[in-house]
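Enquirer: Need coordinates for the below:
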Amino acid sequence: SKKFLKMTGVTNWRFSMKILVVFYSRSGRTKKVAEAISDILKCDKEEIFDTKNRKGIPGFLSAGTDANLRRLTAIKEIKNNPSLYDLVIIGTPIWSSNISTPIRTYLSLYKEDFKKVAFFCTRLGSDSKKVFNDTKNLNQKTPLALLELTSREVVRDQYMQKVKEFIKNLKEEIVK
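Expert: As a prediction, the model looks like this:
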């Protein structure tokens, strides 16, 4: 929305490339960030849906176990073919110091379709370095930009400055 863009101070980000924001969100925090990025960039977004129930404490525990064991899961069919985009920005929560299982699955299925990538993550306490290394290794491409946000920053709406910085870094990498 224009009000949201005015509030963030980012009103004129225009890229000549076609961009897709892909994300999985169990709690809604990663979704909140993905929506902010796609609103600023005025680009398509794709939410990944896990067919496994990840709700509540049992879902939280199975999410951590699956992530630790680097398992894949069944995800619902995607709506946007990543090969049609110049840049795919991928967002994941960190589960048990790992990429979320649904995003690991997405990366495994579509890594050949990515032209350029960037990543963002939301985390409770885990360090994102391992997760960003894993995402780079899984898709075999160096990301144009990385964004790490704590759950606290997202819940308290203290993340927009970092999102704007991430987009600025993307813009700088794209024009190189």
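Enquirer: Please compute how far the lengthiest helix in the chain lies from its chain's middle.
Expert: For the chain, the longest helix by residue count, based on DSSP state H, is helix 160-174. Distance of helix 160-174 from the chain centroid (C-alpha atoms, centre = their mean, to the nearest Å) equals 14 Å.
Enquirer: Using CSV, write out every CA atom in it.
Expert: What follows is helix 160-174, C-alpha atoms only, in CSV (Å, rounded to 0.1, in the frame of the first residue of the first chain):
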residue,chain,number,x,y,z
MET,A,160,12.1,-2.1,8.3
GLN,A,161,15.5,-0.4,8.4
LYS,A,162,17.2,-3.8,7.9
VAL,A,163,14.8,-4.6,5.0
LYS,A,164,15.6,-1.3,3.4
GLU,A,165,19.3,-1.9,3.8
PHE,A,166,18.9,-5.4,2.2
ILE,A,167,17.1,-3.9,-0.8
LYS,A,168,19.7,-1.2,-1.1
ASN,A,169,22.4,-4.0,-1.1
LEU,A,170,20.4,-5.9,-3.8
LYS,A,171,20.2,-2.8,-5.9
GLU,A,172,23.9,-2.2,-5.7
GLU,A,173,24.7,-5.8,-6.7
ILE,A,174,22.2,-5.7,-9.6
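Enquirer: Could you check it and say which residues are buried?
Expert: Met160, Lys162, Val163, Lys164, Phe166, Ile167, Leu170, Ile174 (16 or more other C-beta atoms under 10 Å). Where you see a C-beta, it was placed from the backbone N, CA and C, and this is true even at glycine.
Enquirer: Verify the contact between the last one and Leu144 for me.
Expert: So that's Ile174. Yes. In terms of C-beta atoms under 8 Å, Ile174 counts as a neighbour of Leu144; the distance is 6.9 Å.
Enquirer: residues shared between the contacts of the two?
Expert: Residues touching both Ile174 and Leu144 (C-beta atoms under 8 Å, 6 or more residues apart in numbering) are Leu87.
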